[in-house]
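Chemist: This is a predicted model, with the sequence first.
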Amino acid sequence: MRGEAAAAAGSAQAGSAGSSARAGSARASTVRAASRVAGRAATRAWLFAALIGAWWAWSAGSTSVYFPPLAKIVRTLWAQWAVGPARAQLGSSLEHLALGYAIAGLAGIGIGALLWSLRYLREATSPYLYFLYVLPAPVLVPAVITVFGIGAAMKVVIIAFAAIWPTLLNTLDGMRGVDAVKLDTARALGMSGARRTLAVVLPAAAPQVVAGLRNSLQVSIILMVVSEWVASTGGIGYYIVTAQESFDYLGMWSGILMLAIVGGAANLLFVLAENRLLYWHYGARAVEGRA
Amino acid sequence: MAGAVLAGEGRLAPGAPGRGWGLRYGLRLAVLAAALALWQALSAAGLIPGDEFPSMTATVSALGHLAMSATLWAAVRDTLAGWAIGLAIGGGCAIVIGSLAGLSGFAYRSVIGVVEFFKTIPVIAILPIALVLWGATLTMKIALVAFAVFWPLVIQVCYGVRSLDPIARDTARVLGVRGAREFLMVILPSAAPFIATGLRVSVAVALIVDIVAELIGGGSGLGAQILVAENSGPSAYPVMYAYILVAGLLGVLLAGLFTLAEGWVMHWHESHRMAAGHAG
């Protein structure tokens, strides 16, 4: 995927650079690259399309209450989530998700960096950090409810608390892996501690920090739904559980599809942002790989 | 890329052992003692209301009572059953399908898009379907755990199989090693580090999904007990927190056992030989 994007970007550049002498060959290579990209996209998409087609065909004549026809589900999805009343639920879910995830990401990187710089604190707390990391976060939902009630604060707190650990531990691990020579060089160049952290340590740890952020995103989405499911009056999770409990299986399936769309879209946005932020890292790796 | 994404996860690199051991464990115990004392002091001073958050002594004594009751161990057994069977089924399918997909470039490129998509679907989304199909049963928990474990692991297996050194493969071919034997003796060992990384994540994910299935799906186990305690009102909160502590300890225990097993199974591999060299 990354390679395709790079190839497309490269060919686009080649095309726009085209001086009159090289325009012909540039165009030919653009066409070649485009057909290669299209071929790859087709290989990647056919099975997916076939699966959806199979589901559509298999469920078309379905009279089962539990497994309604896909066509009906898609219609409900549109009526409920795109133009209908469930739009508000989607909005409230996404709001809590964004807030909780942002807090978790910032706090995870910040506390991770702090622990990295304070060696003794790190040594003393590391087993407990690990305990909190492997503690299944959903068990905390009832506990957080007893303290924060069932409002928006409860959901944001749960998402932030559960999602902070992957980012925090990955930041810590990434910073511990920074090349000592780089640090010594920065010190010899007279860079201050803060500048060293920002200009040397953070970029070096960035790939792993990003890996942690990606895990945190998945945890955030799970906790968003769990928090709405257990105790709430709004959100995607609430919508799904109400539909299920009132035997509205069409509504339930539309909520499930919506959730899949939210998960897929959040992941796609993340990958796009990652490619932008870390283009220098993947670029360097691609060159190394070729050599 | 997934190798890089998963590699650092879930493992706090062990510090350099040797001289600082006494200091390190002293510090850790001190932190534990300080945290417990702070918890107790806050409760005693009334800063955290007792009807919302029980005191440390109440929680620990509830834990003591639970440890001697059959309820706790039955819950732990039910949770472990869902965890182990689901992990075995999901992991087994992932290794077989991932290997098959990884062996052919076309199959790999066809499958990877579908897998990447399913990986992003929160397993919670599948929970209502599993509930409708199986109700609050062990089967429901197993199905959810297997589903949650399968997708991330199958990607790791694909990457692992594709990372096979062509020289090793050609050598095996020349020596006439083929079919099932080639798979067991050449492909699987070469993919093992990737599978191990994926499994390490799966061990934690499986426990989380298992407990979620109990907590909101109602399958019996620790999650269900936590919910029961919450619904019984403030007097049962010490019990609720005791169960939460047990869930966390179970997570630490399973992760620790996995690390031990990994060191034992993978002792021949570069990464563990390096670790052994550092430790010695």
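Modeler: Sure thing, it's come through.
Chemist: show me where chain B has helices.
Modeler: Along chain B, the stretches classed as helices by DSSP state H are B:2-7, B:21-44, B:56-67, B:70-103, B:105-120, B:127-134, B:138-162, B:166-174, B:179-182, B:188-217, B:222-231, B:237-265, B:270-279.
Chemist: typed the wrong thing, it's chain A
Modeler: Here chain A has its helices, by DSSP H, at A:2-17, A:23-60, A:70-77, A:87-117, A:119-134, A:140-148, A:152-176, A:180-188, A:193-196, A:202-230, A:236-245, A:249-277, A:279-290.
Chemist: domain ranges for the chain?
Modeler: Picking chain A for this. Chain A breaks down into these structural domains: A:2-60, A:78-290 (assignment by automatic domain parsing).
Chemist: that's the wrong chain, I wanted chain B
Modeler: Taken from automatic domain parsing, chain B resolves into B:20-49, B:52-279.
Chemist: ok, now how distant is residue B:133 from residue A:244?
Modeler: In this view, residue B:133 and residue A:244 are 12 Å apart by C-beta to C-beta, to the nearest Å. Heads up, the C-betas are built off the backbone N, CA and C, glycines and all.
Chemist: Between these two, which is the more surrounded one?
Modeler: It is residue A:244, of residue B:133 and residue A:244, that has more neighbours when counted by other C-beta atoms under 10 Å in any protein chain shown, with 20 against 13.
Chemist: burial measure for residue B:202, as a count.
Modeler: Using other C-beta under 10 Å, residue B:202 is surrounded by 25 other residues.
Chemist: can you check residue B:158 too?
Modeler: For residue B:158, the neighbour count with other C-beta under 10 Å is 26.
Chemist: So it sits against residue B:114, correct?
Modeler: No: with contact defined as C-beta atoms under 8 Å, residue B:158 does not reach residue B:114; the gap is 11.8 Å.
Chemist: Phi and psi next, for residue A:61.
Modeler: Note on residue A:61: its backbone torsions stand at phi -100, psi 10 [degrees, to the nearest 10].
Chemist: Enumerate every residue touching it.
Modeler: If a contact means C-beta atoms under 8 Å, 6 or more residues apart in numbering or on different chains, then residue A:61 has residue A:69 as its contacts.
Chemist: Relative to residue A:70, how far out is it?
Modeler: Here residue A:61 is placed at a distance of 11 Å from residue A:70 (C-beta to C-beta).
Chemist: Low-confidence regions, the stretch 151-280 of chain B specifically.
Modeler: Counting by pLDDT under 70, the stretch 151-280 of chain B shows low-confidence ranges at B:270-280.
Chemist: Near chain A, which residues of it are found?
Modeler: B:204, B:207-208, B:211-212, B:215-216, B:222-223, B:226-227, B:229-230, B:234, B:237, B:240-241, B:243-244, B:247-249, B:251-252, B:254-255 (C-beta under 8 Å from any C-beta of the partner chain).
Chemist: Of these, grab the buried ones for PyMOL.
Modeler: PyMOL command restricting these to the buried ones, with burial defined by 16 or more other C-beta atoms under 10 Å in any protein chain shown:
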select buried, chain B and resi 204+207+208+211+212+215+216+222+223+226+227+229+230+237+240+241+243+244+247+248+251+254+255
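Chemist: Which phi and psi values does residue A:234 adopt?
Modeler: Per-residue torsions, residue A:234: phi -170, psi 170 (degrees, to the nearest 10).
Chemist: okay but it is in contact with residue A:92, surely?
Modeler: Yes: with contact defined as C-beta under 8 Å, residue A:234 counts as touching residue A:92 (4.8 Å).
Chemist: Quick check, residue B:212 in contact with residue B:222.
Modeler: No: if you go by C-beta under 8 Å, residue B:212 and residue B:222 don't touch, sitting 11.0 Å apart.
Chemist: okay, the helices of chain A in a markdown table with mean pLDDT and distance to residue B:75 next?
Modeler: As requested, the helices of chain A are exported to a markdown table (pLDDT from 0 to 100; distance: least, C-beta to C-beta, whole Å):
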| stretch | mean pLDDT | distance to residue B:75 |
| --- | --- | --- |
| helix A:2-17 | 44 | 45 |
| helix A:23-60 | 80 | 37 |
| helix A:70-77 | 87 | 37 |
| helix A:87-117 | 91 | 29 |
| helix A:119-134 | 81 | 18 |
| helix A:140-148 | 81 | 15 |
| helix A:152-176 | 89 | 22 |
| helix A:180-188 | 84 | 48 |
| helix A:193-196 | 80 | 49 |
| helix A:202-230 | 86 | 18 |
| helix A:236-245 | 86 | 23 |
| helix A:249-277 | 87 | 29 |
| helix A:279-290 | 60 | 45 |
